[in-house]
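[1] Return atomic coordinates for the entry below.
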Amino acid sequence: MQQGNWFNALDYNIDNHHGSSRLHYVHTGIFVDDWDTQNDAVQQHTDFYLHTLGQYLEFFNGQPVTFVGDVSGGIQGPASSASPGAFEHLKRALDIGPDVGVGNEVHLALHGVADLDGVVDYLTANFLGIRTSSSLVRFFGRNAFGQPVGMAIHAFGAAVDGAAVASSWHEWLERTFG
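    As a prediction, this is how the structure comes out:
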């Protein structure tokens, strides 16, 4: 993905290696402003990405998937969500309080999007992952790196209308940060 002078690429290849699989993963980019902050963001996002891959292999391996997002890689919050404290605001709106941690079951009943029951499978200061029985729901606190918060959903099994789901979540993010 290229935005202005900024470039970001994920290259991966999974191949057969003596009867097992081997993942070759390279995350490259050209950062033009605040290299340390952008490199920190890449490292944190890579950790979350690799965790998500592990969750897929453990719980959804081989199932058909619908990626819910857009060409930029997810569902973006409004510009106002790039502000300090926005990811904490998002977690409060999701009813993910400071007492919730990895392994806790959660129920999301949010106006305008389908209810979700799942378990928190990843949680850091800038990233939240919730695994449901049929999806991996990912929230990105990109506001820590000067960008709007975002999210993506990997829906497994029966096909879903990804555009409709993305639209409802985008509208929810707009209301949450409106």
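[2] show me where this structure has strands.
    2-3, 6-17, 20-30, 65-68, 75-76, 105-108, 116-123, 127-132, 135-140, 150-156 (DSSP state E).
[3] ok, now which ones touch residue 115?
    107-109 (C-beta atoms under 8 Å, 6 or more residues apart in numbering). In short, each C-beta sits where N, CA and C put it, glycine included.
[4] Then residue 64?
    Contacts of residue 64 (C-beta under 8 Å, 6+ apart): 156-157, 159.
[5] Make JSON lines from those and add pLDDT and neighbour count to it.
    Converted to JSON lines, the contacts of residue 64 look like this (pLDDT from 0 to 100; neighbours: other C-beta atoms under 10 Å):
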{"residue": "156", "pLDDT": "95", "neighbour count": "19"}
{"residue": "157", "pLDDT": "90", "neighbour count": "13"}
{"residue": "159", "pLDDT": "83", "neighbour count": "9"}
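[6] and residue 155, how many residues sit next to it?
    22 (other C-beta atoms under 10 Å).
[7] right, and it touches residue 66 too?
    Yes: look at residue 155 against residue 66 with C-beta atoms under 8 Å: they come within range, at 4.5 Å.
[8] Report the set of residues contacting both of the two.
    By C-beta under 8 Å, 6+ apart, the residues touching both residue 155 and residue 66 are residue 162.
[9] Out of the strands of the chain, which one sits most buried?
    strand 135-140 (a mean of 24; mean count of other C-beta atoms under 10 Å).
[10] returning to that earlier point: reformat the strands of the chain as JSON lines; add distance to residue 88.
    Listed next are the strands of the chain as JSON lines, based on distance: least, C-beta to C-beta, whole Å:
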{"stretch": "strand 2-3", "distance to residue 88": "26"}
{"stretch": "strand 6-17", "distance to residue 88": "25"}
{"stretch": "strand 20-30", "distance to residue 88": "26"}
{"stretch": "strand 65-68", "distance to residue 88": "24"}
{"stretch": "strand 75-76", "distance to residue 88": "18"}
{"stretch": "strand 105-108", "distance to residue 88": "16"}
{"stretch": "strand 116-123", "distance to residue 88": "12"}
{"stretch": "strand 127-132", "distance to residue 88": "11"}
{"stretch": "strand 135-140", "distance to residue 88": "12"}
{"stretch": "strand 150-156", "distance to residue 88": "15"}
